[in-house]
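In: quick one, structure for this:
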Amino acid sequence: MEGHLLLFDLGSFKIERFREIDDSGGFFISRLKTNSNPLLLRSLREGPGNRIDLRHRRLQEAEPHRRRQVLDAEGLFAPRNITDKKVREIEEDPAFRPLRFVGVKNEKTGEYHLHVTHLPADKVSPEEIADLYRARWAVEIFFKELKKGA
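Out: The predicted model follows:
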């Protein structure tokens, strides 16, 4: 998988699989399940504007307060009852690799889509992540059409 980008639909959402891909040098993008509530560690967006402090907030806590159309943050999937001390230990571990949680509003539909990835923020923008994921949908439609003709 090294150097490859895998795009997952919600039916293939598996946190363990994401780690395996990362460990093998690959990359992934997946839609985030609606019941997912990762712990956010820090915002990756810079610039002017009203910012909400994302540090150690759950995604579902931060989302209603979001003023922007784009969310870009590092975080992790963690149990609800995780302590601040344990989070600090995780963050200080040199082997820790946070995940990236990206939310982008689709201008055409008005829907807000959340994704999880580990593509670097300095290389791939949130909008590019949304575009890459949309490309996955075009492939799905293509295969659906092929099946109809068979």
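In: list the beta-bridge partners for the residue positioned nearest the centre of the chain.
Out: Central residue of the chain (CA atoms, centre = their mean): Val116, 1.8 Å from the mean position. Val116 forms beta bridges with Ser30, Phe101, as assigned by DSSP bridges.
In: surely it meets Ser30?
Out: Yes: the criterion here is CB atoms under 8 Å, and Val116 meets it with Ser30 at 5.4 Å. For the C-beta atoms, the positions are set from N, CA and C on the backbone; glycine is no exception.
In: joint contacts of the two?
Out: Phe18 (CB atoms under 8 Å, 6 or more residues apart in numbering).
In: okay, buried residues for the lengthiest helix in the chain please.
Out: For the chain, the helix with the greatest residue count under DSSP state H is helix 126-149. Neighbour counts over helix 126-149 (16 or more other CB atoms under 10 Å) mark 126, 129-130, 132-133 as buried.
In: now do the helices in the chain.
Out: So, for the chain - with DSSP H - the helices run 15-23, 59-62, 84-92, 126-149.
In: circling back to that earlier point, so what's the residue nearest to the centre of the chain up against?
Out: Val116 sits in contact with 18, 29-30, 32, 36, 38, 99-102, where contact means CB under 8 Å, 6+ apart.
In: quick one on the thing from earlier: for the helices of the chain, give me JSON lines that also has distance to Leu5.
Out: Output for the helices of the chain, formatted as JSON lines (distance: least, CB to CB, whole Å):
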{"stretch": "helix 15-23", "distance to Leu5": "9"}
{"stretch": "helix 59-62", "distance to Leu5": "23"}
{"stretch": "helix 84-92", "distance to Leu5": "26"}
{"stretch": "helix 126-149", "distance to Leu5": "7"}
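In: can you tell me the closest non-neighbouring residue to Arg45?
Out: Spatial nearest neighbour of Arg45, excluding adjacent residues (CB to CB, 6 or more residues apart in numbering): Asp72 at 4.9 Å.
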